[in-house]
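Undergrad: Below: sequence and its predicted model.
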Amino acid sequence: MGKVTKTGYEPMTSIEAITAGLDTVGYISIPQISTAVFLAHGLRKPILIEGPAGVGKTDLAASLSKWLNLPLIRLQCYEGLDEGKALYEWKYGKQLLYTQILKEKLNELLGGAETLKDSLAKLSGFEDLFFSPQFLEARPLLHAMQQARGSVLLIDEIDKSDEAFEAFLLEVLSDYQVTVPEIGTIKANVPPLVILTSNNVRELGDALKRRCLHLHIGFPDHEREQRIVRARVDGISATLLNQLVRFVQSVRETDIKKRPSIAETVDWARTLLLLHANTLDEAFVRDTLNVLLKHESDIAAVSPAIPKMVRDATGPDARGRLASGYPDME
Amino acid sequence: MEKQISNFIRALRSAEVRVSTGEALDAARTVAMIGYDDRLLMKDSLACVLAKSEAEKSIHDRLFDLYFSAAPAGAPSQTASEDAEDNAGSEAPQDAAERLSALTAPGNEQALASAVERAAEAAGLNDIRFSTQVAYFAQSMVRAMGGEALQARLLEALQGRTPDADAEAQRLIDVRRTLTMTARARAERAFEIFGAAETERFRDDVAATKRLSAIEASDMARMKQLVTKIARRLAVKHSRRRKRTQRGLLDVRRTMRANAGVDGVPFNVIWRQKKKDRPKIIVICDVSGSVAAYVRFLLLLLFSMKEAIPDLSAFAFSYRLKCVDDILEAHEFDAAIKKILREVGLGSTSYGQAFSDFKLEHENKIDRRTTIIIMGDGRSNYGDPRLDLFRDFAGRAKRIIWLNPEGRALWGTGDSVIPRYEPFCAQMSHVATLKDLEKAIDEVLTAYS
């Protein structure tokens, strides 16, 4: 002890280092994402990530914590989330229990007091005892502040929480400190790396947006999606990978209710692998389309175009290469 | 570089990206952190720090390209001509003219560009707001570069009347033209960066306060955008279900549940809450001949409201009433308008008939949560206004709001039966401009919160 504790953020020396580091835990980053993470660390500001569901917003936090070997502390937001559940709470039960157990002891101690004034004076000495960190139940926000080496704090789906909670969060996020009236202010020695995600259920308040760096993660392009699927699905052949990613990309361009995200592509790749498909063909696609599209009307909308999409996905691509994967990759 | 950044932020602000002082500081720290050699990296980083939504991001990227690609990279190279220019005031006309013609000679683009940059600064080009100022700023820039000397020299040459002097004059005219064109191009770019958004906003303001009847077909596109913006704003403001705590009314059930862990000792007291209703709105829109001037506009509003408010049913009538929900949902705006006008539009009005149609077919749509909005002038061609039905609706609905495009002075004149409907309406407003409309609808929706 006595030694200065190192923070866990040291590997984040440059944008390239972040991209490479995330790569080692299977998160395929793009410059925008790595830049945002780098700036968040450098400027000590939270990142607000927006984008469609399933493009790896939450996953970024998980991967960062895995790479940096820091605890991932997650706060899932929902309507009605309040300070008690997000910050800290007193362990009332334990306090009561202890008072009961210590009743006799207290009587003994107070017995010596002659007057009411004396016993009150003695009693006030114990008050601090019951409102001490021992009886404090740390919820995610406080927990994140207490980590010695830092932590990755994920505040998921902030748009689902109430406006009041959002306002409360401002205070915590700007100073990285929490005030418990009975104890005092608890300040994070090493501020957590904060990541907020939003699916745009409602428009977030301006003040919160101003406090954060803003990152939008959209659907990946062909190359990146291939790399992601390859990282997630073991043993997929280059041919199938290329074809299925091209198919998914063309599905995204059609006018449907819920466009398939990366999570769905990965699921679909796993499904096809399970079915021992080597190349994409119409029958396979028709049978498994429900993995990719989650609405009946979407499936109906895409169905007529399947033959053409499969033809396009398996034919030579725009750059004239045949769909036999990219042998130059790995 | 810091100056570049702060100017860039100014450009962003004038394009309605709200950048706070804190963010400006962050931007400066960011640039200090990542350096400015890698333009792409700088663009990504600044986008991350300064733009806080998708829309802002695209504005940022456009401005970034405009601003930084065109601005001379790094400090302009120090050329000999620069020193000469610093004492532009004191040099003889002869020299100034020579210097300027040297600048415009082919191969000297870099020097010309930096001279123009300096002139731009001297002329305060970054203050440009409107496209009409381009010419003015171009003039000032030419003057700042020493244009007057050139002019004097040109006059002198013109008076010479010898073939030599003529050739000289021609050469000077060419120099002047090149200078003016370069300055003009620079001023236009500055306008793109600093002024274009401002002009747009100015036009929006004008459109928003323009009388609806005076709106021409050419304004429709702008109006459409504005109304969409308004509808979105209203939707954001009113789409959430809110609850209000009633202090003093204990919610026994929830209090017991919440304190079960502490032996039922009520540490946390939970009060009863009152849920607020989500608005349910019925809009009845007059599309008859008498409101022909407003009809497109009223329908535009109907269309946008339909998109913004989930619980809205829309009706249109002139003689007979028709539910137009399907049409509004299935078609693009222009197609929808055409279809509505073809099916029910621009006939002679009968409010009485419309109300009895409504009573017959859609009466069950009115309940105590419903607000009925009627848009029309209340000119019923001397027909029976069916006040009995109207009174009945008013009794059953939460309230009736009447938005009238006609001025108050005209109410009750001729065949207008507005005054007879008025007692049953919670509110009857004269809506002449977009601003009025936003206010009126905001009030309607606020009644629920």
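TA: Nice, thanks for sending it over.
Undergrad: What is the neighbour count of residue 263?
TA: Went with chain A since none was named. By other C-beta atoms under 10 Å in any protein chain shown, 14 other residues sit near residue A:263. All C-beta atoms are positioned from the backbone trio N, CA, C, and that covers glycine.
Undergrad: right idea, wrong chain: chain B
TA: Residue B:263 has 11 nearby residues by other C-beta under 10 Å.
Undergrad: Make sure it is actually in contact with residue A:95.
TA: No - Residue B:263 lies out of contact with residue A:95 (C-beta atoms under 8 Å); the separation is 11.6 Å.
Undergrad: buried sites along the helix or strand bottoming out on mean pLDDT in chain A?
TA: Least confident helix or strand of chain A, by mean pLDDT, DSSP states H and E, is helix A:116-130 with a mean of 73. Residues of helix A:116-130 classed as buried: A:119, A:130 (neighbour count, 16 or more other C-beta atoms under 10 Å in any protein chain shown).
Undergrad: going on from it, what's the next piece of helix or strand?
TA: strand A:136-138 (DSSP states H and E).
Undergrad: mean confidence score for that next one?
TA: Averaged across strand A:136-138, pLDDT comes to 85.
Undergrad: What is the subsequent helix or strand relative to it?
TA: helix A:140-146.
Undergrad: Check which helices and strands that following helix sits against.
TA: In this structure, helix A:140-146 packs against strand A:72-76, strand A:152-156, strand A:177-180, strand A:184-187, with contacts taken as 3 or more C-beta pairs under 8 Å, 6 or more residues apart in numbering or on different chains; DSSP states H and E.
Undergrad: tell me the most buried of those strands?
TA: strand A:152-156 (a mean of 25; mean count of other C-beta atoms under 10 Å in any protein chain shown).
Undergrad: quick revisit: need the helices and strands packed on helix A:140-146 in a markdown table (columns: distance to residue A:263 and mean pLDDT).
TA: Shown next, in a markdown table, are those (distance: least, C-beta to C-beta, whole Å; pLDDT from 0 to 100):
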| stretch | distance to residue A:263 | mean pLDDT |
| --- | --- | --- |
| strand A:72-76 | 17 | 93 |
| strand A:152-156 | 15 | 93 |
| strand A:177-180 | 34 | 82 |
| strand A:184-187 | 37 | 84 |
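Undergrad: residues from chain A in reach of chain B?
TA: By C-beta under 8 Å from any C-beta of the partner chain, the part of chain A that sits against chain B consists of A:15, A:31-32, A:35-36, A:38-39, A:42-43, A:45, A:48, A:50, A:92-93, A:96, A:202-203, A:206, A:209-210, A:212-216.
Undergrad: For the stretch 201-330 of chain A, just list every one of the strands.
TA: A:213-216 (DSSP state E, counting those that start in this stretch).
Undergrad: Point me to the residue of it nearest chain B.
TA: residue A:209 (4.2 Å; C-beta to the nearest C-beta).
Undergrad: ok, that residue touching residue A:50?
TA: No - using C-beta under 8 Å, residue A:209 is not in contact with residue A:50; the gap is 9.8 Å.
Undergrad: burial of the residue in the stretch 251-400 of chain B positioned nearest to chain A, as a residue count?
TA: Nearest to chain A, among the residues of the stretch 251-400 of chain B, is residue B:262, at 4.5 Å (C-beta to the nearest C-beta). The tally of other residues near residue B:262 (other C-beta under 10 Å) stands at 16.
Undergrad: before we move on, the earlier item: list the contacts of the residue of the stretch 201-330 of chain A closest to chain B.
TA: Neighbour list for residue A:209: A:48, B:52, B:53 [criterion: C-beta atoms under 8 Å, 6 or more residues apart in numbering or on different chains].
Undergrad: Could you rerun that using 7 Å?
TA: Shown in contact with residue A:209 (C-beta atoms under 7 Å, 6 or more residues apart in numbering or on different chains): A:48, B:52.
Undergrad: Can you pull the residues of the stretch 251-400 of chain B lying near chain A?
TA: Within the stretch 251-400 of chain B, the residues that sit near chain A (C-beta under 7 Å from any C-beta of the partner chain) are B:261, B:262, B:263, B:267.
Undergrad: Quick one: residues contacting residue 17.
TA: By default, I'm working from chain A. residue A:11.
Undergrad: you looked at the wrong chain, it should be chain B
TA: Contacts of residue B:17 (C-beta under 7 Å, 6+ apart): B:50, B:51, B:56, B:59, B:60.
Undergrad: Keep those, but drop any that are not near chain A.
TA: Applying C-beta under 7 Å from any C-beta to the contacts of residue B:17, those adjacent to chain A are residue B:51.
Undergrad: Around residue A:42, how many other residues sit close by?
TA: The burial count for residue A:42: 15, using other C-beta under 10 Å.
Undergrad: Any idea how far apart the tips of stretch B:233-252 sit?
TA: End-to-end distance of stretch B:233-252: 39 Å, with C-alpha to C-alpha, to the nearest Å as the criterion.
Undergrad: typed the wrong thing, it's stretch B:303-319
TA: Note: stretch B:303-319 ends 21 Å apart using C-alpha to C-alpha.
Undergrad: Can you give the distance of it from its chain's centre?
TA: 23 Å (C-alpha atoms, centre = their mean, to the nearest Å).
Undergrad: what residues does that stretch touch?
TA: Applying C-beta under 7 Å, 6+ apart, the set of residues contacting stretch B:303-319 is B:227-228, B:231-232, B:234-235, B:278-288, B:302, B:321-325, B:328, B:333, B:336, B:340, B:344-350, B:353-354, B:358, B:365.
Undergrad: shaky segments in the stretch 51-200 of chain A?
TA: Applying pLDDT under 70 to the stretch 51-200 of chain A picks out residues A:112-113, A:125-128.
Undergrad: if we go to 80?
TA: Scanning the stretch 51-200 of chain A with the threshold set as pLDDT under 80 gives A:103-116, A:118-131, A:163, A:171, A:182, A:200.
Undergrad: Cheers, nothing more for now.
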